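Peer 1: the following block contains a protein sequence and its predicted model.
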Amino acid sequence: MRYPADMPFAVSRPLSVPRHPQEMATVPRQTQRCIASGTRVPEERSRPVADTRSTEGPALGRYSFGVGDRFAREAEAQLRAFLMAADRGVAVTPVWNKSEREHRTVGSGPGDVRAAADAAVAALGWSRPYRVDADHIGRATVDPYLEPCDFFTLDVADALGVPVADEAVAGFLTRHPELRGTLDVPGLETPLELRREDVERSATRYLAATEAAGRLYRHIAAARGEGTFVTEVSMDETDDPQSPAELLVVLAALADEWIPVQTIAPRFSGRFNKGVDYVGDVQRFEREFADDVAVLAFAVSAWGLPDDLKLSVHSGSDKFSIFPAIHRVLEASGVGVHVKTSGTTWLEELIGLAEAGGDGLALATDVYAEAYDRLDELTAPYAAVIDIDESALPAPADVRTWDGERFAATVRHDPADERYDPNVRQLLHVGYKVAAQMGRRYTDMLAACRDDIARNVTENTFERHLRPLFLGD
């Protein structure tokens, strides 16, 4: 029997269908579900019976929401929003996320995120689960996150579309004969017609990525132990959204790698630009979201993936036009979702500084002026996820004439306010490097203007995000 070379488990004997209930008790639950459902457990990818540990990660809850805190000052204000949701009868698990790029820009480390989250939890007496996400990590960047994080977003974008050996594709097709012909997936309007050549094309496109995810997962599991962390797989960095058939291939391949994936981020149609609303066909998005929910439920039943597997929506902050659609699907299906936001809390800091007036407003306008001058540098890393009309940006000299209310209204994402300017908002969103380079001037001002900033952070998190997504109002 052949196992992935880096699988950190002892091999005792080949897996066979248990003959007695006592023997069934020694088989991992994922395999029990495959046996019970009649799904073939492929020999070359089977987990040894000797491994009886649970492979599923810690509880994430039906609803979870990722919040960014680039300067590690707003965790308490963010957590107050989750307490407000809990007071209204809706439990949402907070997940603090920060990417390697953001850490490098700000000069922080994963331990800083953990320390801020733990301090907020202690200060407010939060007794429910919470997580710290190693956001979009790969094998080259993961090691510093292993100890402080308990949620890992596996970024396999570099492996998407990388060619794999013909034998790998042939092996996948052999392991999954169920992915041919007519497949009736409950929840889809029509059965899927799966042709061999289409499944082969999808496998060729995604197998390198799922194999990379498997290697990364096993590296994390070897260091932390299985069942001690939440695993998310990001598949959203492709040009086109995955069809239900393609998502089935991805999920089957992840099951082959024995990854207990609890959230998966597929690619949806439309644009998910940083810090602004969704751009696209909302009805089409709702159909895609509902179809993907159905596909995930099928995959859990067919291949023994974790029962709490759910969709993850990336760059979900400020996507106000699709929040009602997400809520409708969640209510109709009874499933959960993870929504990951894109660091817009730092914009609430700027809004709070402006509303505080005086030195706070002066600092906020200085940030804008320097971001304006460094536009090409700051926007280059985010070119695929922003749309800024440079000709519409106000000149820094004009911005310096604004009072705090005008500056705040320009940046705050309130489409009903004619002063709101998405161009300014997007530029400042990617301009946090300017504030980071101010050092103590910026962080000391955050402390000086604490009340104004905290009020805006909590209001943005609850009123504009948690409330429409999970309470439906």
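Peer 2: Happy to help now that I have it.
Peer 1: okay, now the domains of this protein?
Peer 2: The chain resolves into domains spanning 1-52, 56-343, 345-459 when parsed by automatic domain parsing.
Peer 1: which of the ones you listed sits closest to G472?
Peer 2: domain 56-343 (4.7 Å; C-beta to C-beta). Every C-beta, even on glycine, is put in place using the N, C-alpha and C of the backbone.
Peer 1: endpoint to endpoint, the closest one covers what distance?
Peer 2: From its first residue to its last, domain 56-343 covers 28 Å (C-alpha to C-alpha, to the nearest Å).
Peer 1: stretch 301-313 now?
Peer 2: Criterion C-alpha to C-alpha; first-to-last residue distance in stretch 301-313 is 22 Å.
Peer 1: circling back: which one of the domains of the chain lies nearest to L471?
Peer 2: Judged by C-beta to C-beta, the one of those that comes nearest to L471 is domain 56-343, at 5.7 Å.
Peer 1: roughly how far out does the closest one sit from the chain middle?
Peer 2: The gap between the average C-alpha position of domain 56-343 and the chain average comes to 5 Å, counting by C-alpha atoms, centre = their mean, to the nearest Å.
Peer 1: quick revisit: make JSON lines out of the domains of the chain and add mean pLDDT.
Peer 2: Converted to JSON lines, the domains of the chain look like this (pLDDT from 0 to 100):
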{"stretch": "domain 1-52", "mean pLDDT": "38"}
{"stretch": "domain 56-343", "mean pLDDT": "96"}
{"stretch": "domain 345-459", "mean pLDDT": "97"}
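Peer 1: L469: which of these is closest?
Peer 2: Ranking these by distance to L469, with C-beta to C-beta as the measure, places domain 56-343 first at 5.1 Å.
Peer 1: returning to that earlier point: got TSV for the domains of the chain, with mean neighbour count and distance to H465 too?
Peer 2: TSV is the format used below for the domains of the chain (neighbours: other C-beta atoms under 10 Å; distance: least, C-beta to C-beta, whole Å):
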stretch	mean neighbour count	distance to H465
domain 1-52	14	33
domain 56-343	19	7
domain 345-459	18	10
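Peer 1: out of the ones you listed, flag the one nearest P468.
Peer 2: Between the domains of the chain, domain 56-343 lies closest to P468; by C-beta to C-beta that is 4.2 Å.
Peer 1: follow-up on the earlier one: let's have the domains of the chain in JSON lines, adding distance to L471.
Peer 2: Compiled in JSON lines, the domains of the chain are given as follows (distance: least, C-beta to C-beta, whole Å):
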{"stretch": "domain 1-52", "distance to L471": "33"}
{"stretch": "domain 56-343", "distance to L471": "6"}
{"stretch": "domain 345-459", "distance to L471": "15"}
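Peer 1: any idea which of these gets closest to F470?
Peer 2: Shortest separation from F470 across these is recorded for domain 56-343, at 5.0 Å, computed as C-beta to C-beta.
Peer 1: start and end of stretch 334-353, how far apart?
Peer 2: Across its full length, stretch 334-353 reaches 41 Å between end residues, using C-alpha to C-alpha.
Peer 1: do the same with stretch 235-253
Peer 2: First residue to last in stretch 235-253 (C-alpha to C-alpha) measures 13 Å.
Peer 1: tell me the contacts of the closest residue to G138 other than its chain neighbours?
Peer 2: In space, not counting the residues next to it along the chain, G138 is nearest to D155; the distance is 5.3 Å by C-beta to C-beta, 6 or more residues apart in numbering. Contacts for D155 were tallied using C-beta atoms under 8 Å, 6 or more residues apart in numbering; they are 136-138, 234, 237.
Peer 1: redo those as CSV? Include secondary structure.
Peer 2: Shown next, in CSV, are these (DSSP: H, G, I helix; E, B strand; the rest coil):
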residue, secondary structure
H136, strand
I137, strand
G138, coil
S234, strand
E237, coil
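Peer 1: backbone phi and psi for G431, please?
Peer 2: Here is the backbone geometry of G431 (degrees, to the nearest 10): phi -90, psi 10.
Peer 1: if we can go back for a sec, for L466, find the nearest of the domains of the chain.
Peer 2: Short answer: domain 56-343, nearest of these by C-beta to C-beta, at 4.8 Å.
Peer 1: make JSON lines from the contacts of D155 and add distance to A119 to it.
Peer 2: Listed next are those as JSON lines, based on distance: C-beta to C-beta, whole Å:
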{"residue": "H136", "distance to A119": "24"}
{"residue": "I137", "distance to A119": "23"}
{"residue": "G138", "distance to A119": "29"}
{"residue": "S234", "distance to A119": "28"}
{"residue": "E237", "distance to A119": "33"}
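Peer 1: closest to P266 among those?
Peer 2: S234 (9.2 Å).
Peer 1: hey, what's the closest one bridged with?
Peer 2: Judged by DSSP bridges, the bridge partners of S234 are D155, A265.
Peer 1: how near is it to A223?
Peer 2: Plainly put, S234 is 20 Å away from A223 if you go by C-beta to C-beta, to the nearest Å.
Peer 1: what about stretch 380-393, start to end distance?
Peer 2: Between the start and the finish of stretch 380-393 there is a gap of 17 Å, counting by C-alpha to C-alpha.
Peer 1: could you give the separation of it from the chain centroid?
Peer 2: Between the centre of stretch 380-393 and the centre of its host chain there is 23 Å, according to C-alpha atoms, centre = their mean.
Peer 1: residues making contact with that stretch?
Peer 2: Contacts to stretch 380-393, defined as C-beta under 8 Å, 6+ apart, come from residues 101, 271-274, 279, 315, 372, 375, 379, 421, 423-424, 426-427, 429-430.
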